[in-house]
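*Asks:* Okay, here's the prediction I keep looking at, along with the sequence it came from:
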There are 2 protein chains.
Amino acid sequence: MAGTDKTKAAAQGGPAVILVDPQLGENIGMVARAMLNCGLVDLRLVRPRDGWPSRQAEAAASGADEVLERARVFYTLGDAIADLERLYAATARTRDMTNVMVTPRQAAIEVRAAEAAGGKVGLLFGPERSGLTSDDVALAGAIIQVPLNPAFSSLNLAQAVLLIGYEWYQAADETPARVLSMGANRPATKAELLNFFERLEEMLEDTGFLRPPERRPAMVRNLRALFTRADLTEQEVRSLHGVVSALIGKKRPKSG
Amino acid sequence: MAGTDKTKAAAQGGPAVILVDPQLGENIGMVARAMLNCGLVDLRLVRPRDGWPSRQAEAAASGADEVLERARVFYTLGDAIADLERLYAATARTRDMTNVMVTPRQAAIEVRAAEAAGGKVGLLFGPERSGLTSDDVALAGAIIQVPLNPAFSSLNLAQAVLLIGYEWYQAADETPARVLSMGANRPATKAELLNFFERLEEMLEDTGFLRPPERRPAMVRNLRALFTRADLTEQEVRSLHGVVSALIGKKRPKSG
């Protein structure tokens, strides 16, 4: 395959998901949904038991029609994986074989690296009940096992695809780990914050709250620290001004 | 709450999963299964629409009965979260509110840190169709949003619980990222490998494969490198000896 073709193949939506002998159309549909959640679109079906296309698959895909429409059916695993350079087998069973075992996170790193080099990668999943045969697993360079509660680790097909696809998506995602989202608001400036602190402290001074004087510095520090920690927006500082005015009864003298 | 009680609470199976106004029992059962996959056991239901307990939940839990049996029902969110120190809201919708947004991976780090300090944490999920109300979200210190394909990001309830629970599990899991699993076998020693190389090269020498002599060093290096890269077991080296013998026709002279 020429370099440009390879790059194009890799760009077409990440690794292929290959289902060997899938049984229920419903499960294929749920796999398609999980794939599209993760930006994966290359679905390959080896001998789907109940035929293809499948109304059950369409109903279960919840709108991931794009994946079902592109899905291809093969009669041998060899045909389904012919164009791939690297294959990972997802299986929960431990086997009496010598195999490389990787976590989904590690697999994601490796798949991304192979794709960056222009290679096409496949993720192999077995039938719902029995899982992959050892003969199928022998064609994969590594086995992906999802670390989960060892006393209760069985996942359905779509969940296994979702977790592995999720890791593939995360491996190139740049969402900040923690961020303050404030819509149309903007963060308060320190001047706005200090203005509020000084007004609050002046009012508390009037009420006698900040006595005795030797305790004042610590009390002021604690109040300033708690409001600072909240990462207030400009609008929230205005709200707090209003709260203070309301509590002190200054803003709107009661009528009557 | 006393320090020992707090530690005990945190040790009881990770963060609580709180479902507000869940509709279908089936979905509650699938949530229970996803929770137990991730080692989570504290399920709290706020006003389950179809009542509790639920046969549909039991059928869908696929054996995660332990979680359903321990589940508690509450009539207000306030009651359901009363003992918690920290609350994360899972929601896909962006809101016109000032909020801290975290990824599931970041949330997992924070939850583990809070638990290590003896605190009990909750993960809040809304009803299937509508999701959490903004009033409910306002009680959470941060919103968890799962980074997924922005054009197709909707997850069902159990999948959202699975991905967030999965990250919580991974945050303390020590499975090696990549490891060679070889069952009862042991890795070949370098002496066994060199012995095989030397025998193979001697036989290839006899056949004339390693000529002309100036190409020999590179050919030998390439063969040695490919077999070394395969991380062979002792048994596999013996198999390869057998393969070489068979190919050269030395091992079992044909009868007749």
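*Replies:* That came through, no problem.

*Asks:* Mind jotting down where the helices sit in the stretch 51-200 of chain A?
*Replies:* Taking DSSP state H, counting those that start in this stretch, the helices of the stretch 51-200 of chain A run over residues A:55-60, A:65-70, A:77-81, A:104-116, A:134-137, A:157-170, A:190-207.

*Asks:* wait, which of these is closest to residue B:217?
*Replies:* Set against residue B:217 and scored by Cβ to Cβ, the helices of the stretch 51-200 of chain A come closest in helix A:104-116, at 30.5 Å. No exception for glycine: its C-beta is placed from N, CA and C like everyone else's.

*Asks:* domain parsing for chain A?
*Replies:* Structural domains assigned to chain A are A:16-170, A:190-248, following automatic domain parsing.

*Asks:* Now do the strands in chain A.
*Replies:* Taking DSSP state E as the test, the strands found in chain A are A:16-20, A:43-46, A:72-74, A:86-90, A:99-102, A:121-125, A:142-144, A:178-181.

*Asks:* Tabulate those strands (a markdown table), appending mean pLDDT.
*Replies:* What follows is the strands of chain A, written out as a markdown table (pLDDT from 0 to 100):
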| stretch | mean pLDDT |
| --- | --- |
| strand A:16-20 | 98 |
| strand A:43-46 | 98 |
| strand A:72-74 | 98 |
| strand A:86-90 | 97 |
| strand A:99-102 | 94 |
| strand A:121-125 | 98 |
| strand A:142-144 | 96 |
| strand A:178-181 | 92 |
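
*Asks:* Dump the ones you listed to JSON lines, plus distance to residue A:209.
*Replies:* What follows is the strands of chain A, written out as JSON lines (distance: least, Cβ to Cβ, whole Å):
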{"stretch": "strand A:16-20", "distance to residue A:209": "64"}
{"stretch": "strand A:43-46", "distance to residue A:209": "66"}
{"stretch": "strand A:72-74", "distance to residue A:209": "74"}
{"stretch": "strand A:86-90", "distance to residue A:209": "63"}
{"stretch": "strand A:99-102", "distance to residue A:209": "61"}
{"stretch": "strand A:121-125", "distance to residue A:209": "63"}
{"stretch": "strand A:142-144", "distance to residue A:209": "61"}
{"stretch": "strand A:178-181", "distance to residue A:209": "30"}
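
*Asks:* re the thing from before, name the stretch among the helices of the stretch 51-200 of chain A that sits most buried.
*Replies:* helix A:157-170 (a mean of 24; mean count of other Cβ atoms under 10 Å in any protein chain shown).

*Asks:* who's in contact with it?
*Replies:* By Cβ atoms under 8 Å, 6 or more residues apart in numbering or on different chains, the surrounding residues in contact with helix A:157-170 are A:14-15, A:17, A:19, A:22, A:27, A:30-31, A:33-35, A:37-40, A:90, A:104-105, A:107-108, A:111-112, A:123, A:125, A:128, A:144, A:146, A:155, B:34, B:37, B:105, B:146-149, B:159, B:162-163, B:166.

*Asks:* got the angle for that helix vs helix B:104-116?
*Replies:* 100 degrees (axes from the mean of the first three to the mean of the last three Cα atoms, to 10 degrees).

*Asks:* Centre of the chain to helix A:157-170, how far?
*Replies:* Put simply, helix A:157-170 sits 9 Å off its chain's centre (Cα atoms, centre = their mean, to the nearest Å).

*Asks:* Counting neighbours, what do you get for whichever residue of the stretch 151-256 of chain A sits closest to chain B?
*Replies:* Evaluated by Cβ to the nearest Cβ, the stretch 151-256 of chain A has residue A:177 as its residue closest to chain B, separated by 3.7 Å. Burial of residue A:177 is recorded as 13 neighbouring residues (other Cβ atoms under 10 Å in any protein chain shown).

*Asks:* Just the pLDDT for the closest residue in space to it that isn't next to it in sequence.
*Replies:* Nearest-residue entry for residue A:177: residue B:106, 3.7 Å, with adjacent residues in sequence omitted and distances by Cβ to Cβ, 6 or more residues apart in numbering or on different chains. Looking at residue B:106, its pLDDT is 98.

*Asks:* how near is residue B:106 to residue A:159?
*Replies:* Distance of residue B:106 to residue A:159, computed by Cβ to Cβ, to the nearest Å: 22 Å.

*Asks:* and if you look at residue A:150?
*Replies:* Going from residue A:150 to residue A:159 by Cβ to Cβ gives 17 Å.

*Asks:* Could you do residue A:28 as well?
*Replies:* With Cβ to Cβ as the criterion, residue A:28 and residue A:159 are 14 Å apart.

*Asks:* next one: residue A:209
*Replies:* Relative to residue A:159, and taking Cβ to Cβ, residue A:209 is found at 56 Å.

*Asks:* In space, what's closest to residue A:127 - neighbours in sequence excluded?
*Replies:* Nearest one to residue A:127, counting by Cβ to Cβ, 6+ apart, is residue A:21 at 4.2 Å.

*Asks:* likewise residue A:68?
*Replies:* residue A:32 (5.2 Å).

*Asks:* On the pLDDT front, check that neighbour for me.
*Replies:* Residue A:32 is assigned a pLDDT of 98 by the prediction.
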